[in-house]
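# coords please:
(2 chains)
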Protein chains: 2
Amino acid sequence: MTLARKIRKGDLRSIARLISMVENDAPDALPHLKVLFPHTGPARIIGITGPAGAGKSSLINLLIKEIRKRNERVGVLAVDPTSPFSGGAFLGDRLRMREHLADPLVFIRSVASRRGPGGVAHALPQAVRILAAARFKTILIETVGAGQDEVGILGLAGVVLVVLAPGVGDEIQALKAGLLEIGDLLLLNKSDLPEGRLLEDQLLRAGIPADLLLPVSALKGEGIATLVERIDRLCGKKDPQEIWRRFCRWEMQHLLEKALVLEGMRRVGAGLLAKAAERVARRESDPYTALTALVQRGFGAGRPRKGR
Amino acid sequence: MTLARKIRKGDLRSIARLISMVENDAPDALPHLKVLFPHTGPARIIGITGPAGAGKSSLINLLIKEIRKRNERVGVLAVDPTSPFSGGAFLGDRLRMREHLADPLVFIRSVASRRGPGGVAHALPQAVRILAAARFKTILIETVGAGQDEVGILGLAGVVLVVLAPGVGDEIQALKAGLLEIGDLLLLNKSDLPEGRLLEDQLLRAGIPADLLLPVSALKGEGIATLVERIDRLCGKKDPQEIWRRFCRWEMQHLLEKALVLEGMRRVGAGLLAKAAERVARRESDPYTALTALVQRGFGAGRPRKGR
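Numbering: from 1, shown residues only, chains lettered A, B, ... in the order given. Next comes the predicted model:
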């Protein structure tokens, strides 16, 4: 059976294999992706973000359980910004999700936010397509709400959940500004603690609408059924086609950015770039003037010489 | 007096103003940058990274004090990945550095890692140039060692310090893989605590060479004089010209990536990109084929139509 066919049947190992190929920029991934493409379509893409320690992974764990009651496939793609250091997600998070390992309808994987030139977490949208082709109806994307990359990644999600918890300190202050823009729902984790109440009061006083807040407790498993209801309602409001269209726009924008850099760099050539940098270092040219010449070269004013 | 002249004289407000202009992509920043360019030259660019809570800011605070004993200018550029949420660095860090506010030879500023298309913390290298033109001999760049962007940013530094501390838990595990590659020196903060010793032992047993480790205590101010000596020695080994050449290469690479995306996107046109995404969403074309056509358009096979 071909890899694409195995994926269509929901084979988790084949899904993981093709995602790895995409991550590694393997050229032989493309034919598989093309075969799968007609089968990729509307999936519920749910972004989950928030500071480290807020309890994202634990909540995702409970979310999986709750969604699985419907006997639907659930995929989790964890974009872990710590991966450049570790070469993968932290073991702890993966262990926490171990209980789903035996479930053939649950796929969990960390996707490296490995940045090629052009700065694109290029594997992520293709991983979403692969899961969609394998009939995963709900795809959860976990990012640490820290860098702008991570926030940018949420642009491909139809619904964004922001996980907060007491004791994250300064974060609340920091989050205030951007929260309303990126979060469709703010989950207040550890709401079973007195500090949880305090955080809720704080956020309400900061002017955050009450219907945007949902107290939950990953520890006690409280609020999870309500959370799934709220997600359903949010997805319902947005229409799966619209979520998918948003995803496709994000995907094309990022594919194009990456391709422009790769093709442009190829046309300019590493040699010419190094020479320009050397001239700048020797102060024979300022970087802005050198840049203009390189860009002209990239876009064909003056053909690129062969062998460059 | 012109802005560039004020900057040359070391006027901190003028430095901050031009950095802001660069951050905001103000077109009138360019003439100032060009005037300053001939005065930009070798500076000691020192990257400082490590997990949140390891004590980077406190150490930088002490480093500033130590370096200031020589009556040299010190600049700190903090690339804070939390800024997209907050619109700036956390207040706490800035407060900690408040004691230097009255010192006209110390410049501290958070630089947004605002990512234009092409994914470039574009303001950072220009901020370095502006400080270099103002005769700042030492420029410290602080990043949270989390995302790959942050690690990538350290590519412009001549010397990289990694700050670790006990209680950062999983991080040690995670750091191990990448540490030796990015860090010229590992600072073990909180070495006055028994847990600090433990961390040192752990790292040594993990095979990290002893001469790469330097125990310090930001709280007690211990090890800071030694740290400055080590930095001097590291910078001495690398030769300031080589550090500067490295900086120029990083700068040109990133300026070019950004320019290629901007120019390419302009040539493709937002309309054509949106149409392609729409066709992909309707499954009339797969993204990979659509991409090829867009890239060809970007690089002039088929001229861009007017008004696009």
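# Please give the element, helix or strand, for the spatially most central residue of chain A.
Taking C-alpha atoms, centre = their mean, the centroid of chain A lies closest to A:Ile153, which sits 4.6 Å from it. Secondary structure assigned from DSSP states H and E places A:Ile153 in helix A:148-153.
# pLDDT on that helix, on average?
With pLDDT averaged residue by residue, helix A:148-153 scores 65.
# now do stretch A:165-173
In this model, stretch A:165-173 has a mean pLDDT of 62.
# Please apply the same query to stretch A:55-72.
On average, stretch A:55-72 scores 90.
# who's in contact with it?
Contacting residues not belonging to stretch A:55-72 are listed as A:48-50, A:74, A:76, A:78, A:93, A:96-97, A:99-100, A:103, A:105-106, A:108, A:137-138, A:140, A:142, A:144, A:163, A:165, A:187, A:189-190, A:216, A:218-219, A:221, A:224-225, A:227-228 [C-beta atoms under 8 Å, 6 or more residues apart in numbering or on different chains]. (C-beta placed from N, C-alpha, C; glycine too.)
# any idea how far that stretch is from the chain center?
Taking C-alpha atoms, centre = their mean, to the nearest Å, the mean C-alpha location of stretch A:55-72 is offset from the chain mean by 18 Å.
# now do stretch A:284-297
With C-alpha atoms, centre = their mean as the basis, stretch A:284-297 stands 35 Å off its chain's centre.
# is it anywhere near chain B?
Yes - counting by C-beta under 8 Å from any C-beta of the partner chain, chain B is contacted by stretch A:284-297 at A:286-291, A:294-295.
# how about that stretch: buried residues?
A:285-288, A:290-291, A:294-295, A:297 (16 or more other C-beta atoms under 10 Å in any protein chain shown).
# hmm, which two among those are most spread apart?
Using C-beta to C-beta, these span at most 17.2 Å, a distance reached by A:Asp286 and A:Arg297.
# quick one, the longest helix along chain A and helix B:240-268 angle?
When chain A is parsed with DSSP state H, its longest helix is helix A:240-268. Taking axes from the mean of the first three to the mean of the last three C-alpha atoms, to 10 degrees, one finds helix A:240-268 and helix B:240-268 inclined to each other by 130 degrees.
# other SSEs contacting helix A:240-268?
Helix A:240-268 makes packing contacts with strand A:44-49, helix A:123-133, helix A:287-298, helix B:240-268, helix B:270-281, helix B:287-298 when contacts are defined by 3 or more C-beta pairs under 8 Å, 6 or more residues apart in numbering or on different chains; DSSP states H and E.
# Report the separation between the closest residue to A:Arg249 other than its chain neighbours and A:Ile153.
Leaving aside its sequence neighbours, A:Arg249 sits nearest to B:Ala277 (C-beta to C-beta, 6 or more residues apart in numbering or on different chains; 4.3 Å). In this structure, B:Ala277 lies at 17 Å from A:Ile153, with C-beta to C-beta, to the nearest Å as the measure.
# And the strands in the stretch 101-250 of chain A?
Counting by DSSP state E, counting those that start in this stretch, the stretch 101-250 of chain A has strands at residues A:106-110, A:138-143, A:159-164, A:185-188, A:213-215.
# tell me the helices in the stretch 51-200 of chain A, going along the chain?
Assigned by DSSP state H, counting those that start in this stretch, the helices in the stretch 51-200 of chain A fall at A:56-68, A:83-86, A:91-96, A:123-133, A:148-153, A:170-182, A:194-205.
# Could you check how many residues crowd around the nearest residue to the residue nearest to the centre of chain A once chain neighbours are set aside?
Distances taken as C-beta to C-beta, 6+ apart place A:Thr143 nearest to A:Ile153, at 5.3 Å, with adjacent residues excluded. Per other C-beta atoms under 10 Å in any protein chain shown, the neighbour tally for A:Thr143 reads 29.
# Quickly list what A:Thr143 is bridged to.
Per DSSP bridges, the residues bridged to A:Thr143 are A:Val79.
# what's the distance between it and A:Ile182?
11 Å.
# What of A:Leu262?
29 Å.
# For these two, indicate the residue with more neighbours.
A direct count of neighbours by other C-beta under 10 Å for A:Leu262 and A:Ile182 places A:Ile182 higher, at 19 against 16.
# which one is the more buried one nearest to, not counting chain neighbours?
Here the residue nearest A:Ile182, using C-beta to C-beta, 6+ apart, is A:Val160, at 5.4 Å.
# A:Phe299 touches B:Glu263, doesn't it?
Yes - A:Phe299 lies in contact with B:Glu263 (C-beta atoms under 8 Å); the separation is 6.1 Å.
# for chain A, which spans come out with low pLDDT?
Chain A contains residues with pLDDT under 70 at A:52, A:80-99, A:112-121, A:144-151, A:168-181, A:301-308.
# Go again with 50.
A:82-92, A:116-120, A:170, A:173-174, A:177, A:302, A:304-308 (pLDDT under 50).
# can you tell me which residues contact A:Ile130?
A:7, A:15, A:18-19, A:22, A:33, A:36, A:40.
# where's it relative to chain B, distance?
Going from A:Ile130 to chain B by C-beta to the nearest C-beta, to the nearest Å gives 13 Å.
# Just give me the neighbour total for A:Ala127.
Residue neighbour count, defined by other C-beta under 10 Å, stands at 26 for A:Ala127.
# Ignore what I typed, I meant A:Asp25.
As a burial measure, A:Asp25 scores 11 neighbours (other C-beta under 10 Å).
# And it, how close does it get to B:Ser110?
Look at A:Asp25 and B:Ser110: by C-beta to C-beta, they are 34 Å apart.
# A:Phe107 too?
Using C-beta to C-beta, which is the criterion applied here, A:Phe107 is 39 Å from B:Ser110.
# The two - which one has more neighbours?
Comparing A:Phe107 with B:Ser110 by other C-beta under 10 Å, the one with more neighbours is A:Phe107, at 23 against 19.
# Please verify my assumption that that one contacts A:Val76.
Yes - at 7.0 Å, A:Phe107 counts as touching A:Val76 under the criterion of C-beta under 8 Å.
# which one is A:Met1 nearest to, not counting chain neighbours?
Per C-beta to C-beta, 6+ apart, closest to A:Met1 is A:Lys9, 7.9 Å.
# Give me the distance between that neighbour and chain B.
Distance from A:Lys9 to chain B, by C-beta to the nearest C-beta: 21 Å.
# Burial check on that residue, number of neighbours?
Neighbourhood size, A:Lys9 [other C-beta under 10 Å]: 11.
# same question, the one 4 residues further on
Neighbours of A:Arg13 under the rule other C-beta under 10 Å: 8.
# Specify the angle between whichever strand or helix holds it and helix A:123-133 in degrees.
Per DSSP H and E: A:Arg13 is located in helix A:12-23. On the basis of the same axes, to 10 degrees, helix A:12-23 is oriented at 150 degrees to helix A:123-133.
# So which residues make contact with stretch A:204-224?
Contacts for stretch A:204-224 (C-beta under 8 Å, 6+ apart): A:55, A:58-59, A:61-63, A:65-66, A:176, A:179-180, A:183-192, A:196, A:200, A:203, A:226-227, A:230.
# again but with stretch A:17-26, I slipped
Contacts of stretch A:17-26 (C-beta under 8 Å, 6+ apart): A:3, A:7, A:28-29, A:32-33, A:109, A:111-112, A:114, A:116, A:122-123, A:126-127, A:130.
# Quick check: the gap between the closest residue to A:Val162 other than its chain neighbours and A:Leu214.
Of all residues not flanking A:Val162 in the chain, A:Gly183 sits nearest, at 3.7 Å (C-beta to C-beta, 6+ apart). Distance, A:Gly183 to A:Leu214, by C-beta to C-beta: 11 Å.
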